[in-house]
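Visitor: Sequence first, then the predicted structure:
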Amino acid sequence: MTTLQTVFAKAKADDRAALIGYLPAGFPTKDGAIAAATAMVESGCDVIEIGLPYSDPLMDGPTIQDAVHRSLVNGTRIADVLRTVEGVAKTGAATLVMTYWNPIDRYGADRFARDLANAGGTGTITPDLTPEESGPWREASAQAGIDTVFLVAPSSPETRIKAVAECCTGFVYAASLMGVTGARETVSEAAEGLVERTRKQTSLPVCVGLGVGTGAQAAQVARYADGVIVGSAFIRRLLDAQDEASGLAAVRKLGAEMAAGVRA
């Protein structure tokens, strides 16, 4: 299993940021998600976040909401998410699950952590789990040998950034703006300052997500962050594709553009 520590160490040795791609399990189909994520890895993604579809996504913009809706219509369940993780992990990319807390809680924290590790997953991102309530999950993750990732935002005061960073073992996810996911014309100017403030609180890598949609934006973020997270832009390529083959080709093209950006 490729760990996040291995990924970031290699990226640092190459004097570049890591490229992290996001895709919901079950989209565009259950097998199509594995194929698309594999294409993302083959075109340059170092880490893949597999989204666990949720019926009430709090921070997801319209593009991801559309993809998640299609995934739920396809009947995607946690077993399918774990199968997707297993398929993607075989590519050699570090593979995370990004999920709201409720599905883990209902499945059972210990059981989810154990099953994710057995599938080859290296950790989770839990955007709505607060530091104050994260103890049981961090303990279950540590016992299973998987990493935890939590989010900081531009509005987070220093005390909050410190509290969140202390709960992370993989990296700290710096949300570039206050709002929902989605590629934008420009990346928020607040992102760089947030990375600087977060680095004062932790030695872990700090990765920026929300709003990155082009290779130029990836290059911009890579100048100050340890990782660049891209989700909606990949999903939009699949949503706009006429068929699976053209969708995979579009994903590979964007992945190559983003990979060139983080290496610029």
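Guide: Done, it's in. Numbers count the residues shown, from 1 in each chain.
Visitor: use CA for all of it now, contacts and neighbours both
Guide: OK.
Visitor: so who does the closest residue to L238 other than its chain neighbours touch?
Guide: Nearest non-adjacent residue to L238, counting by C-alpha to C-alpha, 6 or more residues apart in numbering: G247, 4.8 Å away. By C-alpha atoms under 8 Å, 6 or more residues apart in numbering, the residues touching G247 are R237, L238, L239, D240, A241.
Visitor: go on, V228?
Guide: Going by C-alpha under 8 Å, 6+ apart, V228 touches A17, A18, L19, I20, C207, V208, G209, V212, A218, V221, A222, V262.
Visitor: Show me which of the contacts of G247 is closest to Q143.
Guide: L238 (36.7 Å; C-alpha to C-alpha).
Visitor: does the closest one count as helix, strand or coil?
Guide: Following DSSP: H, G, I helix; E, B strand; the rest coil, L238 is assigned to helix.
Visitor: That one reaches R252, doesn't it?
Guide: No: counting by C-alpha atoms under 8 Å, L238 stays clear of R252, with 10.8 Å between them.
Visitor: Does T198 lie in a helix or a strand, and which?
Guide: helix 190-199 (DSSP states H and E).
Visitor: Just the CA atoms of the helix or strand that that helix is followed by, as PDB, please.
Guide: Downstream of helix 190-199, the next assigned helix or strand under DSSP H and E is strand 206-209. In PDB, the C-alpha atoms belonging to strand 206-209 read as follows (Å, rounded to 0.1, in the frame of the first residue of the first chain):
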ATOM      1  CA  VAL A 206      -0.900  21.300   3.800                       C
ATOM      2  CA  CYS A 207      -3.000  20.700   0.600                       C
ATOM      3  CA  VAL A 208      -5.400  23.200  -1.000                       C
ATOM      4  CA  GLY A 209      -8.800  22.300  -2.500                       C
END
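Visitor: Hey, what's the angle from the helix or strand that comes right after strand 206-209 to helix 190-199? Just curious.
Guide: Counting by DSSP H and E, the next helix or strand C-terminal to strand 206-209 is helix 215-222. For helix 215-222 against helix 190-199, the angle by axes from the mean of the first three to the mean of the last three C-alpha atoms, to 10 degrees is 30 degrees.
Visitor: quick one: average pLDDT of helix 215-222?
Guide: Helix 215-222 carries an average pLDDT of 95.
Visitor: by contact count, what packs against that helix?
Guide: The contact analysis (3 or more C-alpha pairs under 8 Å, 6 or more residues apart in numbering; DSSP states H and E) places helix 215-222 against strand 227-230, helix 244-262.
Visitor: which residues touch stretch 78-98?
Guide: 1-4, 7, 25-26, 30-31, 33-34, 37-38, 41, 45-52, 115-116, 119-127.
Visitor: typo on my end, it should be stretch 6-19
Guide: With C-alpha under 8 Å, 6+ apart as the criterion, stretch 6-19 contacts 44-47, 94, 205, 222-223, 225-230, 258-259, 262-264.
Visitor: And for stretch 119-136?
Guide: With contacts defined as C-alpha under 8 Å, 6+ apart, stretch 119-136 is touched by 1-4, 82-83, 85-86, 89-90, 94-101, 109, 116-117, 141, 145-151, 163-164, 167, 170.
Visitor: which among those end up buried?
Guide: Applying 16 or more other C-alpha atoms under 10 Å to the contacts of stretch 119-136, the neighbour count classes 1-4, 82-83, 85-86, 89, 94-101, 109, 116-117, 141, 145-151, 164, 167, 170 as buried.
Visitor: Narrow those to those in strands?
Guide: Here DSSP state E is the test, and the buried ones among the contacts of stretch 119-136 give A94, T95, L96, V97, M98, D147, T148, V149, L151 as lying in strands.
Visitor: which residues does T214 contact?
Guide: T214 makes contact with A233, L254, E257, M258 under the criterion C-alpha under 8 Å, 6+ apart.
Visitor: Need the max-distance pair from these.
Guide: For the contacts of T214, and using C-alpha to C-alpha, no pair is farther apart than A233 and E257, which are 11.5 Å apart.
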